[in-house]
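Participant: heads up, no residue letters with this:
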């Protein structure tokens, strides 16, 4: 066979091999040597690139008691404490109240009366103890020479509540609501610095001592926030149970003796 015939035979063989590869799906030349794909390391797929950043994780909600403790501690005066309380937005009772009921009376008084929560009339007027129970309270303490309107510290009263907002339907405040207000109460008492605290009703007794049962506790002197504490029944209870006024009178005489 001549050289020309050999070249022609090689060309036809190469063309046939190329046609076979095309039929097999080979359409691109990669390298001079074949590659065994089974011997290659398997690479993990790369994540798709996003043009937007993931949303930031939501910050944990602030604890209402911690917030109350922080803002109450910053109040250096009664006016500042009033503003801090009015601006406190973590207690849902505030949403249904007309007014923030802060206090009434002489802040230089030796006796601080701590009540439970405003009623309907207190909510309207923005002052504590102005309804029927408040009028009875005024008469009770006037009997031992004490008044919220007295300019003399020795004969004056200062009155506030654990809750500055009226609970719906005059229900009892819940423990969580009391816990939120306690830092404000403690700061309030520290700023007034009375000689004696009178806790009127179950809510202030529980707030200051953790005890329950005002009918068992009434008349028994205790300590709260480093001060003498006298628990007494609420005037609203006395309106419903006039026979209990005798015990309330005994408590008032005990307070009078302590002040002397």
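Facilitator: Ah, there it is. Computed from a predicted structure; not experimentally measured.
Participant: contacts and neighbour counts: CA atoms only from here.
Facilitator: Fine.
Participant: pull the contacting residues for the residue nearest the centre of the chain.
Facilitator: Residue closest to the average C-alpha location in the chain (CA atoms, centre = their mean): residue 64, at 1.9 Å. By CA atoms under 8 Å, 6 or more residues apart in numbering, the contact list for residue 64 reads 90, 91, 180.
Participant: in strands, which of the residues you listed appear?
Facilitator: Taking DSSP state E, every one of the contacts of residue 64 sits outside strands.
Participant: in PyMOL, how would I select the buried members of those?
Facilitator: Those of these that count as buried under 16 or more other CA atoms under 10 Å are selected in PyMOL with:
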select buried, resi 90+180
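Participant: out of the contacts of residue 64, which comes closest to residue 260?
Facilitator: Nearest to residue 260 among those, counting by CA to CA, is residue 180 at 35.4 Å.
Participant: which element is the residue lying closest to that closest one once chain neighbours are set aside on?
Facilitator: Sequence neighbours aside, residue 65 is the residue nearest to residue 180 in space, at 4.8 Å (criterion: CA to CA, 6 or more residues apart in numbering). Element membership of residue 65, judged by DSSP states H and E, is helix 64-74.
Participant: check the offset of that helix from the chain's centre.
Facilitator: 9 Å (CA atoms, centre = their mean, to the nearest Å).
Participant: and what of stretch 169-185?
Facilitator: That offset, for stretch 169-185, works out to 10 Å (CA atoms, centre = their mean).
Participant: and that stretch, what's buried?
Facilitator: In stretch 169-185, counting by 16+ other CA under 10 Å, buried: 173, 177, 178, 180, 181, 182, 183, 184, 185.
Participant: ok, and what's touching that stretch?
Facilitator: By CA under 8 Å, 6+ apart, stretch 169-185 touches 64-65, 68-69, 72-73, 81, 85, 91, 117, 119-120, 161-163, 167, 203, 207.
Participant: in stretch 244-255, what's buried?
Facilitator: By 16+ other CA under 10 Å, the buried positions in stretch 244-255 come out as 245, 248, 249, 251, 252, 253, 255.
Participant: quick one: the helices in the chain, in order.
Facilitator: Using DSSP state H, the helices of the chain run over 3-23, 64-74, 78-86, 120-125, 132-142, 175-192, 202-209, 214-217, 235-240, 245-259.
Participant: now residue 111, nearest residue through space, not along the chain?
Facilitator: Using CA to CA, 6+ apart, the nearest residue to residue 111 is residue 196, at 5.0 Å.
Participant: I should have written residue 163 there, sorry.
Facilitator: Leaving out its chain neighbours, residue 163 is closest to residue 117 (CA to CA, 6+ apart), at 4.7 Å.
Participant: so that neighbour makes contact with residue 159?
Facilitator: No - if you go by CA atoms under 8 Å, residue 117 and residue 159 don't touch, sitting 11.5 Å apart.
Participant: higher neighbour count, these two?
Facilitator: residue 117 (25 against 22; other CA atoms under 10 Å).
Participant: counting neighbours, what do you get for the residue nearest to residue 206 when sequence neighbours are not counted?
Facilitator: Using CA to CA, 6+ apart and skipping the chain neighbours, the partner closest in space to residue 206 is residue 212 (5.7 Å). Neighbour count of residue 212, defined by other CA under 10 Å: 15.
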